[in-house]
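Here is my input, please return the structure:
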Amino acid sequence: MTATLHAKAIAGQVEEFVRTVGHVAPDDPEFSQDVQLFDAGYLDSLGVVRLILFIESTFNLALDDRILLDLRFTTIAGIGELVSQELGPP
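As a prediction, the model looks like this:
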């Protein structure tokens, strides 16, 4: 599995979580892996905390400020990239 496929697989898991926690309709035309989750209102502050806990428990990572403040942490695709980088080669 390449790093890109690894990041996409992670993003898929994150998307499923966000859709559930954010109560995103399956046919929501505005929702994508590139949408700004917080600015677009898909996650509120509690949702962000739940997302962090989900990522840490699912991928056995401790997310530090460097990751949480990275601009990529605002989209599902970006989160997939960040987590993939932290985990290292698949």
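
remind me, longest helix of the protein?
Longest helix of the chain, by residue count under DSSP state H: helix 3-21.

got the contact list for the helix or strand just after that helix?
Moving toward the C-terminus from helix 3-21, the next helix or strand (DSSP states H and E) is helix 45-59. Residues outside helix 45-59 that contact it (Cβ atoms under 8 Å, 6 or more residues apart in numbering): 10, 13-14, 17-18, 21-22, 38, 43, 61-63, 68, 79, 83, 86-87. From N, CA and C alone the C-beta is placed, and that goes for glycine too.

again with stretch 60-78
Under Cβ under 8 Å, 6+ apart, the answer for stretch 60-78 is 7, 11, 14-15, 18, 32-39, 52, 55-56, 79, 81-83, 86-87.

how long is it end to end?
Taking Cα to Cα, to the nearest Å, stretch 60-78 runs 18 Å from one end to the other.

which of the contacts of helix 45-59 are buried?
Among the contacts of helix 45-59, those scoring as buried are 10, 13-14, 17-18, 21-22, 38, 43, 63, 79, 83, 86 (criterion: 16 or more other Cβ atoms under 10 Å).

Pick the one among those closest to Asp28.
Using Cβ to Cβ, Gly22 is the member of the buried ones among the contacts of helix 45-59 that lies nearest Asp28, at 9.5 Å.

measure the closest one to Asp65 for me?
In this view, Gly22 and Asp65 are 24 Å apart by Cβ to Cβ, to the nearest Å.

Where does the prediction get shaky in the chain?
Where the chain drops to pLDDT under 70, the residues are 1-3, 90.

Run a quick neighbour tally on the spatially closest residue to Leu87 that is not a sequence neighbour.
For Leu87, ignoring the flanking residues on the chain, the nearest one in space by Cβ to Cβ, 6 or more residues apart in numbering is Phe59 at 6.3 Å. Residues near Phe59, counting by other Cβ atoms under 10 Å, number 15.
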